[in-house]
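Provided below are the primary sequence and the corresponding predicted coordinates.
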Amino acid sequence: MQLIKDFFYHYPRQVIIVWLALAIASIAEGLSLSTLLPLLTVATGDSASLVGASTSDFLTQALDWASITPSVGVMIVLVLIGLVVKAGLTLVAYRQVGYTVAAIATNTRLSFLRALSASRWQYFLSQRTGRLANSISTEASNSASAFQSLASLSALLSQCAVFLTVAMLINWKIACLAIAIGVGIFALLKVMVSISREAGSRQKNAFQGLMGLLTDSLSSLKPLKAMAREREMDQMLERQTRNLNSALRTSVLASETLKATQELLIGLVLVAGVAASLTLLELQLSEIMVLTIVLARLLTKLSKLQQEYQKLASKESFYWSMMSAIDEARDAREEPFGDRQPTLDRDIRLEDVCFDYDGNTVLKNVDLHVPAGQFTTLIGFSGAGKTTLIDLIIGLLRASSGRVLIDGQAIDALDIRAWRNLIGYVPQDTVLLHDTIYNNIVLGDTALTEADVHAALDKAGAADFVAGLADGVNTNVGEHGGRLSGGQRQRVVIARALVHKPRLVILDEATSALDPDTEKAVSATLGALGSDYTVLAVSHRAALTERSDRVYRIENGQARLMGADERVSA
Ligand SMILES: Nc1ncnc2c1ncn2[C@@H]1O[C@H](COP(=O)(O)OP(=O)(O)OP(=O)(O)O)[C@@H](O)[C@H]1O
């Protein structure tokens, strides 16, 4: 019920079109079927029976009103018109269902992606990549197909109602008996629906687990292979795959058992019904023929209704899981910043800044000064809080107290996207897309030209090695940049950071993968960027600290400016 409300709330127009089209289609089908009785009465020469008189009367009156004389030809035309109307409207409804399913899949994917990209950095870090990939692929598709099941369910419901009305008009006793039998079959097989619901939830969990583990293991395959640990990973993946397989088997078993049992029960009911109609109720042959058609369809539709409900039950958990992922990401939304336009002509200052991760203090009363156009480096032991400081300056983290000032303006008051647009960021881990060097540098920014790319490669000290490649900037770097050396990858990432001519270049252990000569060369290039660039680096390497105008040591949660003599020994 909650699912119906949810779909109606988000897609009211589509739901109304689908329901109306399906309901009218069912009525058209029912009317065309009810025409069969007078048709067969005429064809078999039966006299109009008392029990079936109401449908015949209704149609005779309707034909009289339209000044049409009832004959076999007219009845056949009426049956055909009913069937054509039903087919046309069903087409309209299911076309709308198809479009809505596609819209739901797209909208849930986009909502999730938007919520995720607007979420706090810490929330993003806490997510498992495989879980995110699974939500976007499997959960979004299954959520959308829940709408398909719901539409089929409502079509079947309205068809059942119409067939039931027709059956009632022909013989209410038999119709009541059919309802009782239908409800009985429903109750008897309800347990199969519960099994499917549970199997659906197990499938969802197994998919999540498998995708999470798969992504983790693929990203760390090399060390696992190098240490011969891939078997353990294989075993874990195998366990998850078997879990999934077992959930799928349960689901298949439940749905096939439901189908087979339903068919058997319906067959038995029909045989018993025909026998009873002939012997006990002494109905006319034409009535028995129409009743058999109507009841067979009614019971088949009832059984399909239960099957569809079973499908819906197994899809529903994917839908709710997707919705809760979206809500969770929305709740973790980044707190809003301001709308002032940023500049970086003077400096970046941190005043009395404190920061903690869930109560664990990392920075306390930090004061830091990064003058514009200069090279500032942060050094310190692993875990001292260097990356945390950088993240505060980028605005990915918000200080618990104190102020982060950019040219004297509090970062909270800035248009944060405009501020981040002024930053060129080179991370410790160089992750390249499976694409060309060119595309890895421009990252989809069509405003950048080939000349910009070459200038950036030049500044990053990468121009020579790229020129030596057969396809130059159009060389594909392979999965995670695997066709390039670690140092070459790092230089492409530096070029990526420089290509949009940032005001602030952040180097987070950016030269750590370079050999000493290349590191020296790149450090010299970065050091010579000139006063157009403010460089903030995290590094222990002499090549960078020697080039720095200022070096801060981050220690015991504080930042201490080092003197020139200290730097030599650091
Ligand atoms: N997302 C997080 N959640 C909780 N604690 C975190 C998180 N990120 C970092 N920390 C903790 O904060 C402290 C500072 O981490 P940070 O990454 O800033 O150190 P670092 O000086 O950059 O270290 P390294 O040189 O090893 O990269 C560490 O103790 C770390 O465990």
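Done, it's in. This structure is a prediction, so every number in the text was calculated from the model and none was measured. Numbers count the residues shown, from 1 in each chain.

helix, strand or coil for the residue of the stretch 51-200 of the chain found nearest the ligand?
Nearest residue of the stretch 51-200 of the chain to the ligand (CB to the nearest ligand atom) works out as residue 125 at 4.9 Å. (Each C-beta comes from the backbone N, C-alpha and C, glycine too.) With DSSP: H, G, I helix; E, B strand; the rest coil as the basis, residue 125 sits in helix.

that one: neighbour count?
8 (other CB atoms under 10 Å).

what about it, distance to residue 404?
Applying CB to CB, to the nearest Å, the value for residue 125 to residue 404 is 20 Å.

what of residue 447?
Taking CB to CB as the measure, residue 447 falls 29 Å from residue 404.

looking at the two now, which is surrounded by more residues?
residue 404 (24 against 7).

so what's the more buried one bridging to?
Beta bridges link residue 404 to residue 350, judged by DSSP bridges.

right, and it touches residue 392 too?
Yes. Counting by CB atoms under 8 Å, residue 392 is a contact partner of residue 404 at 5.6 Å.

can you pull the contacts of residue 547?
375, 523-524, 526-527 (CB atoms under 8 Å, 6 or more residues apart in numbering).

I'd like those as TSV, with neighbour count and pLDDT appended.
TSV is the format used below for these (neighbours: other CB atoms under 10 Å; pLDDT from 0 to 100):
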residue	neighbour count	pLDDT
375	25	90
523	26	76
524	13	76
526	25	75
527	17	74
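
tell me, which of those residues make contact with the ligand?
With CB under 6 Å from any ligand atom as the criterion, the contacts of residue 547 include none near the ligand.

could you single out the nearest of these to residue 212?
Within the contacts of residue 547, the smallest distance to residue 212 is 37.6 Å, found for residue 526 (CB to CB).

strands of this protein, residue ranges please.
Applying DSSP state E to the chain gives strands spanning 347-357, 360-371, 375-379, 401-406, 409-410, 423-426, 504-508, 534-538, 550-555, 558-561.

who in the stretch 301-450 of the chain is up against the ligand?
Residues of the stretch 301-450 of the chain found near the ligand (CB under 6 Å from any ligand atom) are 357, 362, 380, 382-388.

what about 5 Å?
357, 362, 382-388 (CB under 5 Å from any ligand atom).

report the two of those separated the most.
Those two in these that are separated most widely, counting by CB to CB, are 357 and 382, at 15.6 Å.

and the two? Which one has more around it.
residue 357 (12 against 6).

tally up the residues packed near the closest residue to residue 435 other than its chain neighbours, please.
By the measure of CB to CB, 6 or more residues apart in numbering, the closest residue to residue 435 outside its immediate chain neighbours is residue 476, 6.5 Å from it. When neighbours are counted by other CB under 10 Å, residue 476 registers 15.

any idea how far the ligand is from residue 476?
31 Å (CB to the nearest ligand atom, to the nearest Å).

same deal with residue 425?
Where the ligand is concerned, residue 425 sits at a distance of 14 Å (CB to the nearest ligand atom).

equivalent analysis for residue 424, please.
19 Å.

is it true that that residue touches residue 500?
Yes. Residue 424 lies in contact with residue 500 (CB under 8 Å); the separation is 7.0 Å.

who has more neighbours out of the two?
Comparing residue 424 with residue 500 by other CB under 10 Å, the one with more neighbours is residue 424, at 21 against 18.

quick check: bridge partners of the more buried one?
Per DSSP bridges, the residues bridged to residue 424 are residue 505.

put the alpha carbons of stretch 235-250 into CSV.
Provided in CSV are the C-alpha atoms of stretch 235-250 (Å, rounded to 0.1, in the frame of the first residue of the first chain):
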residue,chain,number,x,y,z
GLN,A,235,36.4,-17.7,-1.3
MET,A,236,34.7,-14.6,0.1
LEU,A,237,33.4,-13.7,-3.4
GLU,A,238,32.3,-17.3,-3.9
ARG,A,239,30.4,-17.3,-0.6
GLN,A,240,28.6,-14.1,-1.6
THR,A,241,27.8,-15.5,-5.1
ARG,A,242,26.4,-18.6,-3.5
ASN,A,243,24.3,-16.6,-1.2
LEU,A,244,22.9,-14.8,-4.2
ASN,A,245,22.4,-18.0,-6.0
SER,A,246,20.5,-19.5,-3.0
ALA,A,247,18.2,-16.4,-2.8
LEU,A,248,17.5,-16.7,-6.6
ARG,A,249,16.8,-20.4,-6.3
THR,A,250,14.3,-19.8,-3.4
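
quick one: contacts of that stretch?
195, 198-199, 202-203, 205-207, 209-210, 213-214, 217.

what confidence value was assigned to the most centrally placed residue in the chain?
Central residue of the chain (CA atoms, centre = their mean): residue 136, 2.5 Å from the mean position. pLDDT for residue 136: 86.

that one contacts residue 112, correct?
Yes. Judged on CB under 8 Å, residue 136 makes contact with residue 112 at a distance of 6.4 Å.

quick one: common contacting residues for these two?
In terms of CB under 8 Å, 6+ apart, residue 136 and residue 112 are not both contacted by any residue.

next one: phi and psi at the nearest residue to residue 74 once chain neighbours are set aside?
Distances taken as CB to CB, 6+ apart place residue 68 nearest to residue 74, at 5.8 Å, with adjacent residues excluded. The phi and psi torsions at residue 68 (degrees, to the nearest 10) take the values phi -120, psi 130.

I'd assumed residue 75 was in contact with residue 68.
No. Using CB under 8 Å, residue 68 makes no contact with residue 75, being 10.2 Å away.

who's more crowded, those two?
residue 75 (22 against 12).

hey, what's in contact with both of residue 404 and residue 392?
Contacts common to residue 404 and residue 392, judged by CB under 8 Å, 6+ apart, are 350, 353.

that older thread, dump the contacts of residue 547 to a markdown table, plus distance to residue 182.
Formatted as a markdown table, those follow (distance: CB to CB, whole Å):
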| residue | distance to residue 182 |
| --- | --- |
| 375 | 80 |
| 523 | 80 |
| 524 | 84 |
| 526 | 77 |
| 527 | 82 |
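
farthest pair within the residues you listed?
Greatest spatial distance in the contacts of residue 547: 375 and 524, 11.5 Å, computed using CB to CB.

the ligand versus residue 465, what's the distance?
From residue 465 to the ligand the distance is 27 Å (CB to the nearest ligand atom).

quick one, what contacts that residue?
Shown in contact with residue 465 (CB under 8 Å, 6+ apart): 488, 491.

buried sites along stretch 402-411?
Buried residues in stretch 402-411, counted by 16 or more other CB atoms under 10 Å: 402, 404-406, 409, 411.

please disregard the earlier target; I meant stretch 165-177.
Counting neighbours by 16+ other CB under 10 Å, the buried set in stretch 165-177 is 165-171, 174-175, 177.

quick one, grab the pLDDT at the nearest residue to residue 266 once chain neighbours are set aside.
Leaving aside its chain neighbours, residue 266 sits nearest to residue 299 (4.5 Å; criterion: CB to CB, 6+ apart). pLDDT recorded at residue 299 is 76.

so what's the residue count around residue 299?
24.

tell me which stretches of the stretch 1-150 of the chain form helices.
Applying DSSP state H, counting those that start in this stretch to the stretch 1-150 of the chain gives helices spanning 2-10, 12-34, 36-44, 53-65, 72-117, 121-126, 129-134, 140-170.

can you lay out these as JSON lines showing distance to residue 464?
Listed next are the helices of the stretch 1-150 of the chain as JSON lines, based on distance: least, CB to CB, whole Å:
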{"stretch": "helix 2-10", "distance to residue 464": "55"}
{"stretch": "helix 12-34", "distance to residue 464": "58"}
{"stretch": "helix 36-44", "distance to residue 464": "85"}
{"stretch": "helix 53-65", "distance to residue 464": "89"}
{"stretch": "helix 72-117", "distance to residue 464": "36"}
{"stretch": "helix 121-126", "distance to residue 464": "36"}
{"stretch": "helix 129-134", "distance to residue 464": "35"}
{"stretch": "helix 140-170", "distance to residue 464": "45"}
